[in-house]
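Colleague: Everything below, folded, please.
(2 chains)
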Protein chains: 2
Amino acid sequence: MNEKNSPSALGDMPKEDFRRFGHAIVDRIADYFEEMENLPVLSQIEPGSLRGALPDSPPEAGEDFGDVLSDVDQLILPAVTHWNHPNFHGLFSTSTSSVGVFGEMFAAAFDMKAMLWRTAPASTELEDVVLDWLRQMMGLPDHFEGIIYDTASVSTMHAIAAARERAGLNVRELGMSGREDLPLMCVYASEHVHSSIDKACITLGLGTRSLRKIAVNDRFEMIPEALSAAIEEDIEAGYVPICVIPTIGTTSSSSVDPVDAIADICEKHGIWLHVDTAYAGSAAILPEMHHYFKGCERADSIVTNPHKWLFTPFDLSVLYCRDLGDLKQAFSIVPEYLKTNDESGVKNGMDYGIQLGRRFRALKLWFVIRYFGREGLIDRIRDHCRLARLFASWVEDSPNFELLAPVPFALVCFRACPSGVDLDALNERIMNEINASGDAYLSHTKLNGIFTLRLSVGSIRVEERHLRKIWDILNNRI
Amino acid sequence: MNEKNSPSALGDMPKEDFRRFGHAIVDRIADYFEEMENLPVLSQIEPGSLRGALPDSPPEAGEDFGDVLSDVDQLILPAVTHWNHPNFHGLFSTSTSSVGVFGEMFAAAFDMKAMLWRTAPASTELEDVVLDWLRQMMGLPDHFEGIIYDTASVSTMHAIAAARERAGLNVRELGMSGREDLPLMCVYASEHVHSSIDKACITLGLGTRSLRKIAVNDRFEMIPEALSAAIEEDIEAGYVPICVIPTIGTTSSSSVDPVDAIADICEKHGIWLHVDTAYAGSAAILPEMHHYFKGCERADSIVTNPHKWLFTPFDLSVLYCRDLGDLKQAFSIVPEYLKTNDESGVKNGMDYGIQLGRRFRALKLWFVIRYFGREGLIDRIRDHCRLARLFASWVEDSPNFELLAPVPFALVCFRACPSGVDLDALNERIMNEINASGDAYLSHTKLNGIFTLRLSVGSIRVEERHLRKIWDILNNRI
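Modeller: Prediction:
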């Protein structure tokens, strides 16, 4: 039992222990970053085995923290799937940088809740500064103002909520139930839209039927004519289109919806344009990628996730809005206990969304941008795109593999295609075997009904040799 | 310019730099925890001054991280409002423990996204274990299963969404717009309910009009008879009551709604009972406090926030549900790219809410419970309650001050009451002067229209001398 925990000794851990254990943890994390490549990418534990290894009940007396740290090594680490691993190619390959971890250390220590400006001036003002930096890096016009949420799911939900409010049907006050005259409100996205849009429609009470999934072309890009037809049909039927959500970098294939053409349609009908570029938004900092983002400047809102591909630890999602006032209009409520005499020009984060308190997330992104600089970030993302194209070229040059989608960013959709076998079954087997081996992690999707392997390149630690490794593994498995 | 950022050197910070800067940050945080008491509680910067001190544009080349750390000291620290300060008595006094910071260090380094079990087995299973520990500590029956979200606002929104779904009107699929037959759906809480409930009603498309604010008695507790009457009136009118939200520990005064009596009413009408004990839930670990929580065992869901009063850094909110399947029913969507061959018994966090990815928040709470033990946590919270009662006794014994609400936990509602002056103006002036001085931080509310000072005791660093300090300050100000 830790003597600090006797009834006579309250307070926090003694300061010398904080230093000692803190240094030990820094060293442990440094070792982890170094050794990671030798660890299995996907945790190899059996379901339930961590739970089974832990006591059923909490300890009565406090424990020595050294024992807790041992358990991190013995029990927790084997149950970690190593997202930072350079051969984590599943879903989207994301990773934290060292300075991102530093940002979270300070944020946890300060433990501010950025509800009001006065409760966290550092968080409130640094967020404005760093989001303006990111906006400039992404080449977005200066009428965009940003706000940080946790995830793209939440950012997008807020965007649709603001769109719902701007439709002028006073949903904020009157709601949507018990209103005989309230027309169906519709949201539009492509067949390849992320499931978070479905969830936002559920949460907001619009229902899954309100989400129109527009057909895509053979490059998995939304067809503007199909969007236009769907909107006109809905208007004809007396429905109210409230929001269109094109994606730049869809989850399945990283395809790019034609935002500029879609913006024309939104403008014509006065519909909120929300661009989901949660994954690919980081690539907008590359000048040679700007053409993919054409039309974004006309959006009402844009979501991008630095925690995905900007070396910032999870979570940090940014929602840029043409007018943050739309969010304030939808969400702001100031009860007596949150009224202050701060000057009226002050920005209170709580006014812009459902969460009252907000973590000091801007700090880690500030660290990342300052440490790497714009150039350093461009170099890294550009190299990921180069590596993905390189891998795609190997696929194209091989008789045993084929590409199944274009590679605009750093995601390669492909499959093994030897003749004479059930290709879906083969590719599923290959993926499962590789994942189970711990050597690398791949995920899959279905494109035109075909089982498709997805290889995402995005770790800050990834090098060409890692791509060669997974390519060799793949060739050895078919 | 950092040489690591030259185009030829990609990757992360060199490992020796990670160790060096990491150790420096641990030492800096240790100093901060020690020096904190000498810092002004509320940041003394002028609005806009941090923003004005920072460059308008991001750096082109990477910077030396030592320079960034200097700026943390010079620019960020003065803009921090010190929530951890023992004289932070505003809003709810919250604070992180040292081991909570350690938990966030590992969580940031691992950077797992707990969407699927396989993407974060450690997070998924440790969450189950640690929430079961907390459940036991709070004396809740074992039919409750928990899930971690970021904030109580989000936890409660999920609870109401599940309630909305269980009402059987198929909102998930059909939504609430364009349905002529959909009756008004109603939510019930007291006049003292937290603004997050209003926001949840807005977000979910129920609208603020759907929230019935039930009258309270002279102890600011919801009157069950008034609730019953409101529900019956609504049913009579053809409306559908979906959720009742009593609070144990309201934000204004920490009053306790009579959950057991309210549970009777919910049971009678088959209405979802969601208990908001975001603040006071931590006190449920004290045996002598159990009577305040009577009826919780009958709830459909309960929210409690370890980040408020359990020495766990922000954010970590827990939603306990009688049946987590209700959440799954409301929210689960599994697109192709998230399908796995994991065994069916595996729990995938993404199924239980709007966020797809979830941080490894369980780790810091596990650290807290293990380091302090159940007894150590009880001792600390019990001491806070003792200090609050002590302060309240000083108020009661003084001719110049008066209590304005009971003190069930560790929040004291009071005011200065010398005769012959405008008391609202006086107390507002006192509060603003104290806050501006940086010596302590108080906030206010209005109780029965009276300007009321709120003094919350909750920092892990608070001692009796801090209460004596603010009491002296108050007496010197009138």
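Colleague: Going by C-alpha atoms from here, please, whenever you check contacts or count neighbours.
Modeller: OK.
Colleague: ok so A:Ser254 is a strand residue?
Modeller: No - counting by DSSP: H, G, I helix; E, B strand; the rest coil, A:Ser254 falls outside a strand, being coil.
Colleague: who are the neighbours in contact with it?
Modeller: By C-alpha atoms under 8 Å, 6 or more residues apart in numbering or on different chains, A:Ser254 lies in contact with A:Ile248, A:Ala280, A:Val407, A:Pro408, A:Phe409, A:Leu411.
Colleague: Is the first one bridged to anything, and to what?
Modeller: A:Ile248 forms beta bridges with A:Val256, as assigned by DSSP bridges.
Colleague: Next, count neighbours for it.
Modeller: Number of residues near A:Ile248 (other C-alpha atoms under 10 Å in any protein chain shown) recorded here: 26.
Colleague: same thing with the last one?
Modeller: Applying other C-alpha under 10 Å, we find 32 other residues in the vicinity of A:Leu411.
Colleague: can you put the contacts of A:Ser254 in TSV and add secondary structure and distance to A:Thr452?
Modeller: Output for the contacts of A:Ser254, formatted as TSV (DSSP: H, G, I helix; E, B strand; the rest coil; distance: C-alpha to C-alpha, whole Å):
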residue	secondary structure	distance to A:Thr452
A:Ile248	strand	20
A:Ala280	helix	20
A:Val407	coil	14
A:Pro408	coil	17
A:Phe409	coil	17
A:Leu411	strand	12
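Colleague: other SSEs contacting the lengthiest helix in chain A?
Modeller: Identified as the longest helix of chain A according to DSSP state H is helix A:362-397. When contacts are defined as 3 or more C-alpha pairs under 8 Å, 6 or more residues apart in numbering or on different chains; DSSP states H and E, helix A:362-397 packs onto helix A:98-110, helix A:121-138, strand A:401-403, strand A:411-416, helix A:464-477, helix B:65-71.
Colleague: right, and the ones you listed - which one's nearest A:Asn87?
Modeller: helix A:464-477 (6.2 Å; C-alpha to C-alpha).
Colleague: Would the closest one count as contacting chain B?
Modeller: No - Helix A:464-477 is not in contact with chain B by C-alpha under 8 Å from any C-alpha of the partner chain; minimum separation 11.6 Å.
Colleague: thinking again about what came up before, what's the closest of the contacts of A:Ser254 to B:Gly139?
Modeller: Looking across the contacts of A:Ser254 and measuring by C-alpha to C-alpha, the closest to B:Gly139 is A:Ala280, at 46.8 Å.
Colleague: give me every residue that touches that closest one.
Modeller: Contacts for A:Ala280 (C-alpha under 8 Å, 6+ apart) come out as A:Ile248, A:Gly249, A:Ser254, A:Thr304, A:Trp309, A:Phe409.
Colleague: Leaving out the residues flanking it, which one is nearest to the residue in the stretch 201-350 of chain A that chain B sits nearest to?
Modeller: Residue nearest to chain B within the stretch 201-350 of chain A (C-alpha to the nearest C-alpha): A:Gly207, separated by 3.5 Å. Using C-alpha to C-alpha, 6 or more residues apart in numbering or on different chains and skipping the chain neighbours, the partner closest in space to A:Gly207 is B:Gly175 (3.5 Å).
Colleague: need the contact list for that neighbour.
Modeller: A:Ile202, A:Gly205, A:Leu206, A:Gly207, A:Thr208, A:Arg209, A:Ser210.
Colleague: Of those, which is the most crowded?
Modeller: A:Leu206 (30 neighbours).
Colleague: Helix, strand or coil: sort out that one for me.
Modeller: coil.
Colleague: ok, the nearest residue to it once chain neighbours are set aside to B:Tyr32 distance?
Modeller: Closest residue to A:Leu206 apart from its sequence neighbours, by C-alpha to C-alpha, 6+ apart: B:Gly175 at 4.2 Å. Taking C-alpha to C-alpha, to the nearest Å as the measure, B:Gly175 falls 50 Å from B:Tyr32.
Colleague: likewise A:Leu286?
Modeller: A:Leu286 is 39 Å from B:Tyr32, by C-alpha to C-alpha.
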